[in-house]
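Novice: I need the structure of the sequence given here:
(one chain, ligands or ions: 1)
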Amino acid sequence: MRRKLVVGNWKMHGSLAANAALLQALASKPEQGAEMAVCVPFPYLQQAQAVLRNSAVAWGAQDVSEHAQGAYTGEVSAAMLGDFDCLYVVVGHSERRSLYGERDEQSAAKVAAALAGGLVPILCVGETLAEREAGSTEAVVSRQLDVVLRHCGVEALSKAVLAYEPVWAIGTGRTATPGQAQQVHAFLRHRVASADADVARGLRILYGGSVKAANAGELFAQPDIDGGLVGGASLVADEFLAIAGAA
Ligand code: PEP
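Specialist: I've put the predicted structure just below:
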């Protein structure tokens with residue numbers, strides 16, 4: 001039985017003052033059915049660690065270097081994230097891919113680096129609107145997944161989380177229907193199962209793309225949707241807690 005997981009991706013939002021109230025509201029929530037985590041900007045990791053330390057909410061980062069250390073100005077290694085007790089790290093988010101030119105191979109190397117550093121990577125895959133309209137959704141997510149399977153091996157996914165995030169639904173207010181999302185989630189699980197059925201059965205596949213309290217219940221009720229990766233709505237404590245409640 002896969003435990004549902006709801007992860008907030010704060011993106012480049014927040015301030016020490018604003019975060020304090022949000023983190024406090026999350027920290028004071030008693031443990032519920034779904035596991036919860038927030039992936040915060042790097043400078044706020046220490047704040048998240050301090051406030052969430054004894055709570056039911058885990059924390060993590062939004063990116064990690066594929067390198068362990070060295071002359072990589074501006075980069076942050078998995079070991080550095082470990083120094084702040086991060087559990088999760090988002091890898092291959094579509095904003096990293098589209099705005100910063102992150103390639104499939106680089107995302108795969110980041111998954112490997114995260115695992116080597118003891119973190120749980122949340123690997124994001126998803127198609128653009130043009131790709132969906134061209135009927136290439138499955139080809140795109142397969143390509144993004146397969147490079148990780150080749151680079152890290154299928155067993156790596158037993159220590160990772162997968163997130164299906166259709167690019168056209170991220171931050172747009174346009175959500176995939178539960179049926180559209182379920183179809184891709186089932187496809188992804190089937191693809192992993194063709195390499196290892198046990199890993200596929202245990203793999204948590206999150207949906208991301210304009211998840212809100214109002215649509216979370218229907219999405220999370222789908223058999224292959226194991227929770228959500230939540231951007232905008234994770235910045236509002238009540239909304240994020242309601243989403244987790246729906247899981
Ligand atoms: C995201 O940032 O991963 C995301 C899904 O954003 P939003 O929920 O705002 O669409």
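Novice: tell me the secondary structure at residue 3.
Specialist: Of the three states, residue 3 takes coil according to DSSP: H, G, I helix; E, B strand; the rest coil.
Novice: number of nearby residues for the closest residue to it other than its chain neighbours?
Specialist: In this structure, residue 3 finds its nearest non-sequential neighbour in residue 35, 5.6 Å apart by Cβ to Cβ, 6 or more residues apart in numbering. All C-beta atoms are positioned from the backbone trio N, CA, C, and that covers glycine. A count of nearby residues for residue 35, using other Cβ atoms under 10 Å, gives 19.
Novice: same deal with residue 133?
Specialist: If we define neighbours as other Cβ under 10 Å, then residue 133 has 11 of them.
Novice: got the phi and psi for it?
Specialist: phi -70, psi -30 (degrees, to the nearest 10).
Novice: quickly note the distance from the residue nearest to residue 3 to residue 41.
Specialist: Distance of residue 35 to residue 41, given as Cβ to Cβ, to the nearest Å: 22 Å.
Novice: hmm, back to that, so in terms of bridging, what pairs with the residue nearest to residue 3?
Specialist: Residue 35 has these beta-bridge partners by DSSP bridges: residue 5.
Novice: residue 87 is in contact with that one, correct?
Specialist: No - counting by Cβ atoms under 8 Å, residue 35 does not reach residue 87; the two are 9.7 Å apart.
Novice: tell me the buried residues in stretch 63-78?
Specialist: By 16 or more other Cβ atoms under 10 Å, the buried positions in stretch 63-78 come out as 63, 64, 65, 66, 76, 77, 78.
Novice: any part of that stretch near the ligand?
Specialist: No - applying Cβ under 6 Å from any ligand atom, one finds stretch 63-78 out of contact with the ligand, separated by at least 12.2 Å.
Novice: and that stretch, average pLDDT?
Specialist: For stretch 63-78, mean pLDDT is 98.
Novice: what residues does the protein put near the ligand?
Specialist: By Cβ under 6 Å from any ligand atom, the residues of the chain that approach the ligand are 9, 11, 165, 170-171, 208-211, 229-233.
Novice: quick check: the residue nearest to residue 3 vs residue 94, distance?
Specialist: Here the criterion is Cβ to Cβ. By it, residue 35 lies 23 Å from residue 94.
Novice: now do residue 134
Specialist: Going from residue 134 to residue 94 by Cβ to Cβ gives 17 Å.
Novice: between those two, which has more neighbouring residues?
Specialist: residue 94 (23 against 12).
Novice: residues in contact with that one?
Specialist: By Cβ atoms under 8 Å, 6 or more residues apart in numbering, the contact set of residue 94 is 124, 126, 165, 167, 170.
Novice: ditto for residue 13
Specialist: 41, 235.
Novice: quickly note the distance from it to the ligand.
Specialist: From residue 13 across to the ligand, the span is 10 Å (Cβ to the nearest ligand atom, to the nearest Å).
Novice: verify the stated contact: residue 159 with residue 122.
Specialist: No - using Cβ under 8 Å, residue 159 makes no contact with residue 122, being 11.5 Å away.
Novice: more neighbours: which of these two?
Specialist: residue 122 (28 against 15).
Novice: just to revisit the earlier point, next step: the residues of the chain next to the ligand restricted to strands.
Specialist: Counting by DSSP state E, those place 9, 208, 229, 230 in strands.
Novice: can you tell me the SS state at the residue nearest the centre of the chain?
Specialist: Centroid-nearest residue in the chain, with Cα atoms, centre = their mean: residue 122, separated by 4.2 Å. Residue 122 falls in the strand class when you classify it by three-state DSSP.
Novice: nearest residue to it other than its sequence neighbours?
Specialist: residue 161 (4.5 Å).
Novice: sorry, back to before: among the ones in strands among the residues of the chain next to the ligand, which ones are buried?
Specialist: Applying 16+ other Cβ under 10 Å to those, the neighbour count classes 9, 208, 229, 230 as buried.
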